[in-house]
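> from the sequence below, what's the structure:
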Amino acid sequence: MAPAFEDPVSVRVLVRALLGWAVATVALSLIVRSVFALDTDADHPRAIVASVWSSGALVGRAVLAHAGDPDAALDAALSSHPGATLVYESAVGEGPVLVRPEAALAMSLVAGRDGLSVTMNGRTEYLTPDDLLVRHGYDTGLHLPSIGLVAGVDVPLALAILADRFGTPARDIVEHARVRRVRFVRSVPGSPPAPVITGDSMTDDDVAAGAFAAARFLARGIDADGRFRYIVDAPTNRTLPGYDWPRHAGATYFLAQAAALSHDADLAWATLRAASQLRDHAIVPCGPSRCVGEGQRVDLGSTALAVIAFVEIARTALDRGYALLVPDLTAFLRGQQRPDGEFMHEYDRGASAPIDVQLLYYSGEATLALSRAHALLADPRDLEAATRGLSYLTGPAWSFFGSRYYFGEEHWTCQAMDDLRDRAPDPRALDFCLRWQEYGRAMQYGPGDAPFDVDGAYGVGALFTPRLTPVASRCEAGIATLEAARRAGKTAAELSPLARQMRRSLALLLRQQFRPGPQHLFADPDAVYGAMPASAVDWQLRIDFAQHAGCALLAWHVSGG
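You can find the predicted model right below:
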C-alpha cells in the first residue's frame, strides 16, 4: 500500500484557522475583560450598606457614605432588638453586568462576594452577599446534572427580593432598571477580624479544637431514639427531611473516636445512643447472615460502616459488647465478595441473593470494615477478604481513568491500605495511593486561583465554589497514605509535598467551619457551632460533612502531623 502523505495546502489552511481562532479568542477575552471588569478601590468604598440582623433576620438597613455615620433607622432597629448585630458591607468595586439572558446574570456574580446595585426612578437598592447567603441564593442558578455541579446565582430569587423592595414586578427591574455588579467586603463594627488559619500557621490545638467542635455539633443533634438531625438548614436551624443509614453509621464511628480521645462523657453517651439505634432498629436478616438496612433491597455500605463503628466502640472500650455484633455482619460482607475480590453492592432480601452492581465508596468501605474486624477479632477469613478487596481496588478496578470508581472519590481505599499495612502489606497499593495523592496535588487550588477562599480545595476552575466534603475525604485518605508511607520507610523529604498538601486542605476546613461562622445570619448560632457546611455558600449541614472533616482532623491530631 502506498504511504499516505498529508496535503500541505490542507495543513496550511488548518494552521491559519487555528491561529485565527486563537487571535479572535484572545481579542474577545480582552474586550470582555475591559467592558465587564470591576473598578475596585478597597480603601474608598462607593457606599457602605449597614444592616441590622437579629436571629438571622434583617430588621434594619441604611446606606451610609462612611462607616459610623449616624442614622436614626439603624439606631431604632438596634434599640428595638436587643442583641442584634450591626454589619457593614462595603461596596469596594462596581461594574456592568448583563441582565439578559438569565444565565449570563446568574454566572456573573462571584459567590459570597458579589451582589447587585439596582437604580430605578432615581432610587438605588442594594442586594448584598448576606441577602443572598441567608436565602441560599448562590450556587443554585444553573444545574449541570451530567457532572453533578451547580453554579450561579438564583436569578428569580434575586429579582424577587429587589422587586419586593421597589414594590414593583420583577420584569420592571429587568426592563427598566440600571443593574450593576458590586463587590462587597463585610465587617462587623467592634469585632476584630478572626485570625486566618493557613497551612503554615495551623497548630495542633487548632486541629483538635475543630475536630471536637464537629463532634459536639453532631452529638447535640441526636434525639432520644439515637437518630441524628440528618440535614439542618443553618440560617433557620430547621431540620430538613431525609435519612441515610451509611451516613448514620459513619457519624457514629467519628463520635466514637472523638469520645475516646476527649474522654468527654457527653460524647460517649451520644455515641452509644446513635449505636443503639443501629443495633436495635437497623440490623435485619439477610439470608444466612445479618445486615444493616431496611426494606427488601439493602446496600453494602450501611453494613460496612456499621462494622467500622461497632469495632471502634468495642476497641476503645466505650462498650465492648458491640464486638459480639460484628461476626454476623462481616459474614454478610464476605458473602457479597466476588472471586476476583470485588464486592456486590446490593442485596435482595426477598430473594436471598446479592445484586452485582457497583457504586462509589462501598468496596473501599467493606475492605476497611473487614480489616478493622480482623484487627479486633482475628478471624483470618476477614483478613483474607480485606486483602483481596484491596488488591482489586488498587489493581483491576482502575484499569482505565474513567473506571467506575472515579479517581478522585474512592477515599476509603487508602484508609484500608494503611489499616492493612502492618498485617498484610501491599507495596502496589501504597504506590497507588501515593500516585493518587500526586494527582490530587495537581488538582489542588492555590492562593489566588479564584476570587474566593479556595487554597487547599480541589477543582478545575474558578466558576464553581469548591465543595468541602471532598476536601475532607481526600484528607482522610491522604493522611492514611502519609502514615503508611512513613512506616514503609519513605523519608520526610519525599513526603514533604504530601504533608504540605494535607496541611493546606485541613486549614481550609478550619477556616470554613462554623466556629462560629457569620453568626448574625443564623437563627440559633449555638445550635450550628462546629458544623461544616457543604461549601462556603451552601449552608445545608448534613451529618457526613462534619463526620468526614472531623475524622480527617482527628487523624492528623493522632498522627502528630
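
> any idea which element S276 lies in?
In the assignment (DSSP states H and E), S276 maps to helix 265-281.

> which neighbouring elements make contact with that helix?
On a contact count with 3 or more CB pairs under 8 Å, 6 or more residues apart in numbering; DSSP states H and E, helix 265-281 meets helix 204-220, helix 245-262, helix 300-315. Heads up, the C-betas are built off the backbone N, CA and C, glycines and all.

> CA-only coordinates of the last one in CSV, if you can.
What it means is helix 300-315. C-alpha atoms of helix 300-315 as CSV (Å, rounded to 0.1, in the frame of the first residue of the first chain):
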residue,chain,number,x,y,z
LEU,A,300,-23.3,-2.9,51.3
GLY,A,301,-22.2,0.5,52.7
SER,A,302,-24.7,0.5,55.6
THR,A,303,-23.3,-2.8,57.0
ALA,A,304,-19.7,-1.9,56.3
LEU,A,305,-19.8,1.4,58.1
ALA,A,306,-21.8,-0.1,61.0
VAL,A,307,-19.0,-2.7,61.4
ILE,A,308,-16.4,0.1,61.4
ALA,A,309,-18.5,2.0,64.1
PHE,A,310,-19.0,-1.1,66.2
VAL,A,311,-15.4,-2.1,66.1
GLU,A,312,-14.4,1.4,67.2
ILE,A,313,-16.8,1.4,70.1
ALA,A,314,-15.5,-2.0,71.2
ARG,A,315,-11.8,-1.2,70.6
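
> could you check the angle helix 245-262 makes with it?
On the basis of axes from the mean of the first three to the mean of the last three CA atoms, to 10 degrees, helix 300-315 is oriented at 20 degrees to helix 245-262.

> now do the residue lying closest to R227 once chain neighbours are set aside against S302, distance only.
Nearest residue to R227, sequence neighbours excluded (CB to CB, 6 or more residues apart in numbering): Q277, at 5.8 Å. According to CB to CB, to the nearest Å, Q277 and S302 sit 12 Å apart.

> more neighbours: those two, which one.
S302 (26 against 20; other CB atoms under 10 Å).

> just to revisit the earlier point, hang on, the residue nearest to R227 packs against Y243?
No - applying CB atoms under 8 Å, one finds Q277 not in contact with Y243, separated by 10.5 Å.

> between these two, what contacts are shared?
Shared contacts of Q277 and Y243, defined by CB atoms under 8 Å, 6 or more residues apart in numbering, comprise R227.

> buried ones in stretch 288-300, by neighbour count?
For stretch 288-300, a neighbour-count test (16 or more other CB atoms under 10 Å) marks S289, R290, C291, V292, G293, V298, D299, L300 as buried.

> sheet-wise, list the partners of the helix or strand containing R180 with their directions.
Per DSSP H and E: R180 is located in strand 178-187. Strand pairing for strand 178-187, determined by DSSP bridges: strand 85-96 (antiparallel), strand 114-120 (antiparallel).

> in the stretch 51-200 of the chain, which spans are strands?
Here the stretch 51-200 of the chain has its strands, by DSSP state E, counting those that start in this stretch, at 57-64, 85-96, 114-120, 123-127, 142-144, 149-151, 178-187.

> just the stretch 401-550 of the chain next, same as before
Using DSSP E, counting those that start in this stretch, the strands of the stretch 401-550 of the chain run over 540-542.

> what's the domain layout of the protein?
The chain breaks down into these domains under automatic domain parsing: 40-187, 232-559.

> and these: which comes nearest R16?
Smallest distance to R16 across the domains of the chain (CB to CB): 29.5 Å, for domain 232-559.

> now the end-to-end length of the closest one.
One end of domain 232-559 sits 31 Å from the other (CA to CA, to the nearest Å).

> and it, how far from the chain's centre?
Relative to the centre of its chain, domain 232-559 is centred 13 Å away, using CA atoms, centre = their mean, to the nearest Å.

> give me the buried positions along stretch 297-313.
298-313.

> swap in stretch 70-79?
By neighbour count on 16+ other CB under 10 Å, the buried set for stretch 70-79 is L74, A77, L78.

> for stretch 351-369, same thing?
For stretch 351-369, by 16+ other CB under 10 Å, it's P354, Q358, L360, Y361, Y362, S363, G364, E365, A366, T367, L368, A369.

> average pLDDT for it?
The average pLDDT for stretch 351-369 rounds to 96.

> what about T316, distance to L267?
In terms of CB to CB, T316 sits 11 Å off from L267.

> next: L218.
9 Å.

> now do A457
29 Å.

> which one's more surrounded, the two?
Each of A457 and L267 has its neighbours counted (other CB under 10 Å); A457 has more, 27 against 23.

> got the contact list for the more buried one?
Contacts of A457 were listed using CB under 8 Å, 6+ apart, and they are Q444, Y445, P466, L468, V471, S505, L508.

> contacts only, for the residue lying closest to the first one once chain neighbours are set aside.
Take Q444 and drop its neighbours on the chain: the residue closest to it by CB to CB, 6+ apart is Y458, 5.6 Å away. Residues in contact with Y458 (CB under 8 Å, 6+ apart) are G408, G440, M443, Q444, Y445, P466, P470, V471, R474.

> confidence-wise, which of those residues comes last?
G408 (65).

> once you drop chain neighbours, what's closest to Y253?
Y253 sits nearest to A309 (CB to CB, 6+ apart), 4.0 Å away.

> phi, psi of S535?
Phi and psi for S535, reported as degrees, to the nearest 10, are phi -160, psi -180.
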